[in-house]
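Chemist: okay, here's the prediction I keep looking at, along with the sequence it came from:
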Amino acid sequence: MDLRSQLLELLGLFFIILAWLCSLTTTLMSQWLTLATELLPAESYELGLWETCVVQELGVIECSPYDSLLGLPPDIRLARILMGASLSTGLLALALAVPGMYVVNSCKGTETLRAKRVLKMLGGALSLTTAVLGLIPVSYVAHLTVQRFFDESVPEVVPRWEFGQALFWGWGAGLLHLVAGLLLVSSCMCLQDETCPAAGAIPLQRHTMTHPEVNHKLGKRTGYV
């Protein structure tokens, strides 16, 4: 196999793992949106998918989970569903990409690289799907935040929510999933349909045993004939 293909698939696997960890961090973080008011400069507020937090000036954080799922805002509810789907498809992409790696010795006998190519192609396609599923909720929440921030019908005295760190983590995770998917699909283009070497196969060689006494007896036997 070409070294370029091996490098592409290793980079793709590395980016899938890194992207999934970033997606998990995005889902668990409580800093999707932040709010700070001039009336209470010693406190700031954070809004996440699972809880809301109050951060005091001394670094004390008090968080409270949401009371019910039905009482959530529609954007937070949608973000929960899509981020959960993104984590699931990301794990599935990783589970398919690992056995599809050329460096993973999973060939048996007459098995060809075609199966590995299919697994790796599916892993790359699922990684691209994961990127879309992760970018949609982050971008949608950011879009609504921008609309509400510049809403002229709301008085300027009313505090407005702003972007939190989780949104940037989510955008980074989506881009990493895109890169990982493209790398895995690109590595499949370099593979050729060849037979995988059988594990533990030892070539056998035929040795001709020559012994003077044996040759002498064979010569006598042929002489009698």
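Modeler: The structure has been received and is ready for your questions.
Chemist: CA atoms for contacts and neighbours, from now on please.
Modeler: OK.
Chemist: and residue 40, what are its phi and psi?
Modeler: phi -130, psi 80 (degrees, to the nearest 10).
Chemist: how close does it get to residue 14?
Modeler: Applying C-alpha to C-alpha, to the nearest Å, the value for residue 40 to residue 14 is 44 Å.
Chemist: could you do residue 26 as well?
Modeler: Distance from residue 26 to residue 14, by C-alpha to C-alpha: 18 Å.
Chemist: which of the two has more neighbours?
Modeler: residue 26 (26 against 14; other C-alpha atoms under 10 Å).
Chemist: okay, now the residue lying closest to that one once chain neighbours are set aside: neighbour count?
Modeler: Spatially, and ignoring its direct neighbours in sequence, residue 26 is nearest to residue 166 (5.0 Å; C-alpha to C-alpha, 6 or more residues apart in numbering). Neighbour count of residue 166, defined by other C-alpha under 10 Å: 22.
Chemist: quick one: contacts for residue 166?
Modeler: Residue 166 makes contact with 25, 26, 27, 29, 30, 31, 32, 33 under the criterion C-alpha atoms under 8 Å, 6 or more residues apart in numbering.
Chemist: that one: which element?
Modeler: Following DSSP states H and E, one finds residue 166 within helix 165-189.
Chemist: one more: residue 120?
Modeler: helix 114-149.
Chemist: just checking, what packs against that helix?
Modeler: In terms of contacts (3 or more C-alpha pairs under 8 Å, 6 or more residues apart in numbering; DSSP states H and E), helix 114-149 is packed against helix 74-97, strand 162-163, helix 165-189.
Chemist: reformat the ones you listed as TSV; add mean pLDDT and distance to residue 19.
Modeler: Shown next, in TSV, are these (pLDDT from 0 to 100; distance: least, C-alpha to C-alpha, whole Å):
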stretch	mean pLDDT	distance to residue 19
helix 74-97	95	8
strand 162-163	93	21
helix 165-189	94	5
